[in-house]
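# Build me a model:
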Amino acid sequence: MDELPPLSIRVKRYLKQLAVRVVLYLAAYVVIAGLTIGPMFWYWFEAVHVDGSIWIAKFYAPLLWLCDHVGWLGYLVNRYINWWIL
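Okay, here's the model as predicted:
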């Protein structure tokens, strides 16, 4: 019968896999939200400023926060939005 590795090794392996998954999920969110904000900009604008769908505002809120705190990301997202709306 195969023996399982000690609990501490399994916990470390699980935590490492969890950290990798969290980073991958966050990266996937940034890519998906970043690519969809261009065509969805006016819906987002309506949701935030004109009493539109709260779900759209909530979906893009983390992207807005990231753009406010990461200068180059904010620049890229603004350029992408301008490409779509102008």
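# Pull the residues that contact stretch 17-26.
The contact list for stretch 17-26, computed with C-beta atoms under 8 Å, 6 or more residues apart in numbering, is empty. Backbone N, C-alpha and C define where each C-beta goes, glycine included.
# Off-centre distance for that stretch?
With C-alpha atoms, centre = their mean, to the nearest Å as the basis, stretch 17-26 stands 12 Å off its chain's centre.
# With stretch 70-86 instead?
For stretch 70-86 - counting by C-alpha atoms, centre = their mean - the centre lies 15 Å from the chain centre.
# same thing with stretch 41-50?
With C-alpha atoms, centre = their mean, you get 18 Å for stretch 41-50.
# what does that stretch contact?
Outside stretch 41-50, the residues that reach it (C-beta under 8 Å, 6+ apart) are 37, 52-57, 60, 81, 84-85.
# try stretch 71-82
Contacts for stretch 71-82 (C-beta under 8 Å, 6+ apart): 30, 34, 37-38, 41, 63, 66-68.
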